[in-house]
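Novice: The amino acid sequence is not available; the structure is as follows:
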């Protein structure tokens with residue numbers, strides 16, 4: 001019965017998160033619970049401060065008592081969102097809707113011991129919280145997104161490509177300093193969770209999320225769940241083998257897609273800042289550098305079309321610094337269409353959360369645990 005109660009509670013919160021404020025009666029009608037059961041759960045959530053009454057439904061017509069709408073109080077608690085990538089690490093304070101209160105970006109220092117670096121991050125988090133103490137009265141948890149393989153249950157990084165080679169107990173180290181629950185997830189999977197809570201995942205059941213920059217990351221949402229596969233190794237688009245006897249990849253294999261299209265590889269063609277890829281691409285058109293860029297985009301497109309043939313997502317969702325340019329996205333879609341004419345303009349979409357990509361994933365992982373009880 002306790003499991004059923006938790007599931008019903010999560011269902012109510014999920015519906016309000018996806019559709020906006022709702023009355024008790026509307027919740028009962030849509031979810032299929034009795035009005036008494038919905039009232040009991042909502043009373044509990046109101047008492048905890050998770051739900052709040054937002055007034056009456058002014059659009060309701062006819063006589064009778066107006067419905068009182070309920071909404072999630074996204075400021076009932078706040079979370080630390082920590083995103084660790086090879087070049088930079090982002091620390092942010094966020095409410096439960098993923099709205100940033102404060103943010104700091106610093107270089108990822110892989111030259112020092114992981115424990116030393118993580119403790120430094122924890123201290124920076126505490127300093128940030130102290131500076132915003134009046135606006136942020138209660139911090140409930142910390143979320144960490146990191147590249148590579150993770151053990152979610154243990155809160156550990158198994159192998160953070162380009163950062164740490166050995167397993168690192170991130171949750172234990174940060175938890176000792178922050179004295180909070182710490183949730184750890186692969187960075188692209190974490191962003192996919194954010195899409196489920198705040199973005200395209202509310203509209204589409206099946207999504208392929210592709211991040212380009214500086215490497216290639218991918219996550220699959222199937223039936224509104226992140227698909228991981230065995231040992232949390234799934235949707236490794238960047239590690240598709242695309243070249244026989246190709247360059248050695250940091251994953252240990254040869255000829256991976258990342259060895260052909262990652263930012264460090266493209267930057268060797270002609271130096272450019274990640275956010276200037278579109279401009280650089282236009283300038284390179286008609287030169288050998290432009291041909292090399294075209295070949296990389298074509299190879300990327302071919303890999304996407306092949307993987308989408310197997311996974312059959314509703315939409316391909318793009319994010320990442322190298323996809324920031326509309327020019328690059330258009331070139332990729334054109335390349336995909338050259339292999340499969342069914343790739344219409346609406347097949348590929350750009351994430352509406354891209355401007356919050358640097359922190360929104362870890363924040364969403366926290367919300368998923370705190371509000372919806374997702375593991």
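Specialist: Noted; the coordinates are in hand. Quantities reported herein were computed from a predicted structural model and do not represent experimental measurements.
Novice: all contacts plus neighbour counts: C-alpha atoms, from now on.
Specialist: Fine.
Novice: Poorly predicted segments of the stretch 201-350 of the chain, please.
Specialist: The stretch 201-350 of the chain contains residues with pLDDT under 70 at 230-234, 344-345.
Novice: what about the helices in it?
Specialist: 258-261, 263-269, 277-284, 288-311, 326-339 (DSSP state H, counting those that start in this stretch).
Novice: of those, which approaches residue 227 most closely?
Specialist: Proximity to residue 227 (CA to CA) singles out helix 288-311 among those, at 10.7 Å.
Novice: coming back round to it: out of the helices of the stretch 201-350 of the chain, which is the most enclosed?
Specialist: Compared across the helices of the stretch 201-350 of the chain, helix 258-261 shows the largest average neighbour count, a mean of 24 (mean count of other CA atoms under 10 Å).
Novice: hang on, the earlier thing: is it possible to export the helices of the stretch 201-350 of the chain to JSON lines including distance to residue 134?
Specialist: JSON lines is the format used below for the helices of the stretch 201-350 of the chain (distance: least, CA to CA, whole Å):
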{"stretch": "helix 258-261", "distance to residue 134": "45"}
{"stretch": "helix 263-269", "distance to residue 134": "41"}
{"stretch": "helix 277-284", "distance to residue 134": "41"}
{"stretch": "helix 288-311", "distance to residue 134": "47"}
{"stretch": "helix 326-339", "distance to residue 134": "40"}
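Novice: Ok, which of these comes nearest residue 111?
Specialist: The minimum distance between residue 111 and the helices of the stretch 201-350 of the chain falls on helix 263-269, with 19.3 Å, by CA to CA.
Novice: who does that closest one touch, helix- and strand-wise?
Specialist: Packing contacts for helix 263-269, counted by 3 or more CA pairs under 8 Å, 6 or more residues apart in numbering; DSSP states H and E, involve helix 288-311.
Novice: Let's see that with 10 Å instead.
Specialist: helix 258-261, helix 277-284, helix 288-311 (3 or more CA pairs under 10 Å, 6 or more residues apart in numbering; DSSP states H and E).
Novice: can you put those in JSON lines and add distance to residue 204?
Specialist: Shown next, in JSON lines, are those (distance: least, CA to CA, whole Å):
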{"stretch": "helix 258-261", "distance to residue 204": "28"}
{"stretch": "helix 277-284", "distance to residue 204": "28"}
{"stretch": "helix 288-311", "distance to residue 204": "14"}
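Novice: Nearest to residue 90 among those would be which one?
Specialist: Of all these, it is helix 277-284 that lies closest to residue 90, at 22.0 Å by CA to CA.
Novice: Now do the closest one: which elements does it pack against?
Specialist: Using 3+ CA pairs under 10 Å, 6+ apart as the test, helix 277-284 ends up in contact with helix 263-269, helix 288-311, helix 326-339.
Novice: JSON lines for those, including distance to residue 244?
Specialist: What follows is those, written out as JSON lines (distance: least, CA to CA, whole Å):
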{"stretch": "helix 263-269", "distance to residue 244": "17"}
{"stretch": "helix 288-311", "distance to residue 244": "14"}
{"stretch": "helix 326-339", "distance to residue 244": "21"}
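Novice: Out of the ones you listed, which gets nearest to residue 243?
Specialist: helix 288-311 (10.2 Å).
Novice: relative to helix 326-339, how tilted is the closest one?
Specialist: When axes from the mean of the first three to the mean of the last three CA atoms, to 10 degrees is applied, the directions of helix 288-311 and helix 326-339 differ by 60 degrees.
Novice: Check which helices and strands helix 288-311 is in contact with.
Specialist: On the basis of 3+ CA pairs under 10 Å, 6+ apart, helix 288-311 makes packing contacts with strand 207-212, strand 216-222, helix 258-261, helix 263-269, helix 277-284, strand 315-319, helix 326-339.
Novice: Any figure for the gap between residue 20 and residue 54?
Specialist: 11 Å (CA to CA, to the nearest Å).
Novice: what do those two both touch?
Specialist: Taking CA atoms under 10 Å, 6 or more residues apart in numbering as the contact rule, residue 20 and residue 54 both touch 69-72.
Novice: can you tell me which two in these are farthest apart?
Specialist: 69 and 72 (10.4 Å).
Novice: Let me see the domain layout of this structure.
Specialist: Residue ranges for the domains of the chain, per automatic domain parsing: 2-72, 78-192+358-370, 203-351.
Novice: hey, which of those is tucked in deepest?
Specialist: domain 78-192+358-370 comes out most buried of these by mean count of other CA under 10 Å, with a mean of 20.
Novice: How far does it sit from its chain's centre?
Specialist: 13 Å (CA atoms, centre = their mean, to the nearest Å).
Novice: now swap in stretch 366-375 and tell me
Specialist: 14 Å.
Novice: and that stretch, what's its mean pLDDT?
Specialist: In this model, stretch 366-375 has a mean pLDDT of 86.
Novice: Okay, strands next: where are they in the stretch 1-150 of the chain?
Specialist: 22-23, 51-56, 68-72, 78-84, 88-95, 100-107, 139-146, 149-151 (DSSP state E, counting those that start in this stretch).
Novice: how about the helices and strands packed on helix 263-269, which one is nearest residue 175?
Specialist: helix 258-261 (33.4 Å).
Novice: Surely residue 304 touches residue 236?
Specialist: No: counting by CA atoms under 10 Å, no contact exists between residue 304 and residue 236, whose distance comes to 11.2 Å.
Novice: Please settle this for me: is residue 183 part of a strand?
Specialist: Yes: applying DSSP: H, G, I helix; E, B strand; the rest coil, one finds residue 183 inside a strand.
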